[in-house]
Each structure stands twice: as C-alpha cells, then as structure tokens.
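Colleague: No sequence on hand, only this structure:
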C-alpha cells in the first residue's frame, strides 16, 4: 500500500474524470454529471485511470461523485460499486483508490444543502467502504456545515478520510478566513487531510495559505481548476502555456506547505505529469 497522507512528503493525486470524459467526447450532463459514463463508456473511464497512472498519480478517485441515490435512482449501489471496481482494476495494487463523496445538491449552491443530509452521506460512505475503497474524499464542499456532517459519517466507517473545500469558480462561496475556520472544523470531525479543490489555480494559494496559517495538524493540499468553463465549447482547450502555468502555481502550493497535489476541472494527465516534475 502506498504511504498514507501523513507519511509521504509529496503525494500526487489524479486529475478529474468529468471534464476529461467530456474532452474525450463523453456526455457529462447534470444532474448525474459523469455517472452515466459508468454504463455508457466504462472503458473510457478505465483508460483515463490508466493515463493518470502513466502520468505519475498514486491516488485515484473512483467515478462516484454523482452516483448517490438522489442523482441516479435505484441502480445507485451497483453504479457506485462498478465505478470503484473500474478504478481498482485499472491502477496498480500499490496505489490507493479513493471514494468520492460530493455535496448532495449543487457544489456551487451551498444554500441548497439539505437541512439534514446525514443519512444520505452515511449511506454513500458505507457503500464506498463495502465496494473496497482504500480511503474516502469528501470533496467540492462549499458548505462547512454539510462538509462536517459528510466528514463525520465518512470517518465513522473507519476509513481514512480527506476533505476538500471549494470557494467556487468565482471564489465567492468562501473567503480565505472562512475556509481556514472550516478546515479546523473538519479536523475536529476526524479528517486526516484538508485540501482546496475546484477553485481556480490562480486563486488557490491564498486559501491554502489561510489554512496553513492556522497551524493545522494534518496534511494540506490543492487540486485546482485550470482555465474556465466556456458556454459553447465546454472547458477551454488545453495549452502548453496552461500546463506550465499550473505547474508554477503548484510550486507555490508546495512552498506554502502542501503535500497533496493534483488536478480538478480542466486539468488532465499532462498536468499531473507536470506535477511529478516539481
């Protein structure tokens, strides 16, 4: 088994499945986002996992971001299990497969968070454990309240649990001080690591710095967005300059104290490879 977050000086996470599936011609329509690809394009998912292995990632997130019951209905357990098995069969046994636990509603609409999401997060966390995940990542949470509940339920399973908080594409969902306070709450809930995710790479350092300034006692990290969503063409096209810029942002994250780095929306295997060269 690869080292845990607390043992490795720099751990490379993979990049996104959703926007990478879109880049390869697979539909990722809401509300199920990338979940339908489990049925329609499983080999494409497997190839993306393999490409992240080749790029140098050692933490691989299964395609479970939107496989909860509320998003896909009755086959949610089977789809969740299949997503985990695709990941486990596509990466070396020495790598770790993470189960993704996302907000119940929109990642950019904390106001839509249910009053009592505990049972749904418990259900998802339990299924991910039953499916054989090595760790759990509660990711892309804009609501500290819901993030804490999801974290508590994930930690309750006994698996190592990381939490990733988002300020959103316009960095208007949380201020750096608010994210820092939320990070401390996640540690109180049992999180083994706290990360910034689904936030522009150009803005992520100030959120990470705020978290680092708290003296938080767990590993910290970033997997950020590269580029931006374009109305007619989807995520803006990959460029060499964009990859180099992402790598430069990542250098800053490491200088701040990040030991966990990867990519979120708009990144791909070449961004991950660039991170291995830091």
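Modeller: Thanks, I have it. Please read these numbers as outputs of a predicted model, since none were measured by experiment.
Colleague: Which residue, other than its chain neighbours, is closest to residue 136?
Modeller: Nearest residue to residue 136, sequence neighbours excluded (CB to CB, 6 or more residues apart in numbering): residue 154, at 4.4 Å. Using the backbone N, CA and C atoms, a C-beta is placed for each residue, glycine as well.
Colleague: The one you found is in contact with residue 135, isn't it?
Modeller: No: the pair residue 154 / residue 135 is not scored as a contact, 9.2 Å apart, by CB atoms under 8 Å.
Colleague: More neighbours: which of these two?
Modeller: Set residue 154 next to residue 135 and count neighbours by other CB atoms under 10 Å: residue 154 wins out with 30 against 20.
Colleague: so what sits against both of residue 154 and residue 135?
Modeller: The contact sets of residue 154 and residue 135 overlap at residue 161 (CB atoms under 8 Å, 6 or more residues apart in numbering).
Colleague: mind checking which helix or strand residue 222 is in?
Modeller: In this assignment (DSSP states H and E), residue 222 forms part of strand 220-225.
Colleague: Just checking: what are the partner strands of that strand?
Modeller: Strand 220-225 has its sheet partners listed here by DSSP bridges as strand 193-200 (parallel), strand 260-263 (parallel).
Colleague: Nearest approach to residue 163 belongs to which of these?
Modeller: Smallest distance to residue 163 across the strands paired with strand 220-225 (CB to CB): 5.4 Å, for strand 193-200.
Colleague: circling back: list the contacts of the residue nearest to residue 136.
Modeller: 101, 121, 125, 136, 138, 161.
Colleague: Let me have those in CSV, extended by secondary structure and pLDDT.
Modeller: Below are those laid out as CSV (DSSP: H, G, I helix; E, B strand; the rest coil; pLDDT from 0 to 100):
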residue, secondary structure, pLDDT
101, strand, 99
121, helix, 98
125, helix, 99
136, strand, 99
138, strand, 99
161, strand, 99
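Colleague: how close does residue 134 get to residue 94?
Modeller: Note on residue 134: its distance to residue 94, by CB to CB, to the nearest Å, is 11 Å.
Colleague: what about the two, which has more around it?
Modeller: Between residue 134 and residue 94, residue 134 has the larger neighbour count (other CB under 10 Å), namely 21 against 8.
Colleague: which one is the more buried one nearest to, not counting chain neighbours?
Modeller: The spatially closest residue to residue 134, leaving aside those adjacent along the chain, is residue 96, at 4.1 Å (CB to CB, 6+ apart).
Colleague: which residues of the stretch 1-150 of the chain fall in strands?
Modeller: With strands called from DSSP state E, counting those that start in this stretch, the stretch 1-150 of the chain shows them at 11-12, 59-61, 96-101, 135-141.
Colleague: okay if I get the ones you listed as TSV plus distance to residue 78?
Modeller: Conversion of these to TSV gives the following (distance: least, CB to CB, whole Å):
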stretch	distance to residue 78
strand 11-12	30
strand 59-61	19
strand 96-101	15
strand 135-141	19
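Colleague: and of these, who's closest to residue 35?
Modeller: Set against residue 35 and scored by CB to CB, the strands of the stretch 1-150 of the chain come closest in strand 96-101, at 10.8 Å.
Colleague: roughly how far out does the helix or strand residue 255 falls within sit from the chain middle?
Modeller: Secondary structure from DSSP H and E places residue 255 in helix 240-256. Centroid displacement of helix 240-256 relative to its chain, using CA atoms, centre = their mean, to the nearest Å, is 18 Å.
Colleague: Name the residues of it that are buried.
Modeller: Neighbour counts over helix 240-256 (16 or more other CB atoms under 10 Å) mark 242, 243, 245, 246, 247, 249, 250, 253, 254, 256 as buried.
Colleague: Report the rounded mean pLDDT for that helix.
Modeller: In this model, helix 240-256 has an average pLDDT of 95.
Colleague: Looks like residue 39 contacts residue 79 (just checking).
Modeller: Yes: using CB under 8 Å, residue 39 is in contact with residue 79, at 7.3 Å.
Colleague: quick one, which of these two is more surrounded?
Modeller: Neighbour count, other CB under 10 Å: between residue 39 and residue 79, residue 79 has more, with 23 against 12.
Colleague: hey, which helix or strand in this protein has the poorest pLDDT?
Modeller: strand 234-235 (a mean of 54; mean pLDDT, DSSP states H and E).
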